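Engineer: This is a predicted model, with the sequence first.
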Amino acid sequence: MSLTPQRTEPLSHEELYLFDTMGFVKIPNFLSRADAESCRTELLDFPSRLMEGRGDKERFDDLVVRSKNFRDLAESEAMRGFVDPVVNQPYRLIESYALRRESQSVFYLHNGNSEVLTYGEGRSVQRNMSFSHTFHDGKLFCMFIKVLVYLTDVREPDDGPFCYLQGSHKANYPWFADPDSSGRAPALTKENFPSLDHVRAEAGDAIVLNEALLHGTLPKESQGERILMAFSYAPAFVTDWKEIDLRSPSIDKLGHY
Ligand SMILES: O=C(O)CCC(=O)C(=O)O
């Protein structure tokens with residue numbers, strides 16, 4: 001069964017304002033409840049894996065490769081209407097996956113405009129350029145946009161709703177100034193994070209997200225399944241997180257192909 005987005009208009013002026021100032025905008029009823037349920041049923045037959053080190057999340061990769069329904073959705077006019085006005089460059093889909101969780105699961109805060117990025121041996125910087133974003137000529141230029149499509153209701157705080165630190169997509173200071181190398185993180189509460197807020201969703205709702213926002217989910221404590229799909233878009237010149245491999249036969253030591 002093909003999917004029919006209920007919402008096909010591009011982001012409005014007001015939605016762009018919200019996206020710019022909040023780092024995301026919610027699109028209620030992007031899919032009908034029936035289409036959300038048919039997505040859920042279809043993807044549960046795909047292969048999945050438990051996320052390494054975070055065994056409470058089951059991840060279904062490459063949705064668009066596994067099903068024409070998902071590919072058509074990722075390429076649809078409706079999706080383009082969300083991505084075009086915030087990327088404003090030729091762009092491509094860089095990932096498409098679903099996450100399934102049950103009770104007692106967490107998704108800790110990640111990204112943030114100014115969080116410390118450590119990569120490789122002893123290398124660390126205070127800006128991850130992969131989700132940098134700017135504004136000029138009356139247009140937004142985002143490097144990493146994710147459209148989250150909820151396939152089950154996430155109505156109450158204990159259903160583990162999407163959460164975020166207000167304004168963190170425009171932060172200049174890192175919140176996690178001293179990343180704890182032990183991997184321990186403070187509980188996701190208002191006491192620990194005064195600017196924490198969360199967003200309720202119904203099956204079929206979407207969130208268009210600037211990945212520079214420090215975001216995650218509140219702990220899921222209620223019973224039942226929580227499942228969503230994610231489609232990520234980036235300017236066409238963005239590629240994988242992979243350093244130049246100087247051992248490759250197609251490249252010499254000076255980097256000439
Ligand atoms: O599950 C959610 O609501 C958020 C998912 C998310 O942050 C992600 O997939 O990067």
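Structural biologist: Received it, and whenever you're ready, just let me know what you need. Residues are numbered from 1 along each chain as shown.
Engineer: OK, contacts around the residue nearest to the spatial centre of the chain?
Structural biologist: The centroid of the chain falls nearest to residue 146 when counting by CA atoms, centre = their mean (4.2 Å). Contact analysis of residue 146 by CB atoms under 8 Å, 6 or more residues apart in numbering lists 208-209, 211, 230-233. From N, CA and C alone the C-beta is placed, and that goes for glycine too.
Engineer: If we use 10 Å, what do you get?
Structural biologist: Counting by CB atoms under 10 Å, 6 or more residues apart in numbering, residue 146 touches 24, 83, 94-95, 111, 131, 207-211, 213, 215, 230-234.
Engineer: what do you get for residue 166?
Structural biologist: 21-23, 193-197, 213-214.
Engineer: Give the ChimeraX command for selecting the buried subset of the residues you listed.
Structural biologist: To isolate the buried subset of these in ChimeraX, counting by 16 or more other CB atoms under 10 Å, use the following:
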select :22,23,193,196,213,214
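Engineer: Find the closest residue to the ligand in the stretch 151-257 of the chain.
Structural biologist: Of all residues in the stretch 151-257 of the chain, the one sitting closest to the ligand is residue 162 (3.8 Å; CB to the nearest ligand atom).
Engineer: My guess is residue 49 contacts residue 61. True?
Structural biologist: Yes - judged on CB atoms under 10 Å, residue 49 makes contact with residue 61 at a distance of 7.5 Å.
Engineer: the more surrounded of the two?
Structural biologist: Shown here are residue 49 and residue 61; by other CB atoms under 10 Å, residue 61 has more neighbours (14 against 10).
Engineer: Which residues are in contact with the more buried one?
Structural biologist: Counted by CB under 10 Å, 6+ apart, residue 61 has contacts 46-49, 95-98.
Engineer: same deal with residue 43?
Structural biologist: Contacts for residue 43 were tallied using CB under 10 Å, 6+ apart; they are 60, 63, 66-67, 69-70, 97-98, 100, 151, 227, 229.
Engineer: just these now: which is nearest the ligand?
Structural biologist: So of the contacts of residue 43, ranked by how close each gets to the ligand (CB to the nearest ligand atom), first place is residue 97, at 7.5 Å.
Engineer: which SSE is that closest one in?
Structural biologist: Using DSSP states H and E, residue 97 sits in strand 91-101.
Engineer: who's in contact with the helix or strand just after that strand?
Structural biologist: Going down the chain from strand 91-101, the next helix or strand is strand 105-110, by DSSP H and E. For strand 105-110, contacts defined as CB under 10 Å, 6+ apart pick out 51, 54-58, 99, 101, 115, 160, 162-165, 168, 175-176, 183, 185-188, 193, 196, 211, 213-221, 226.
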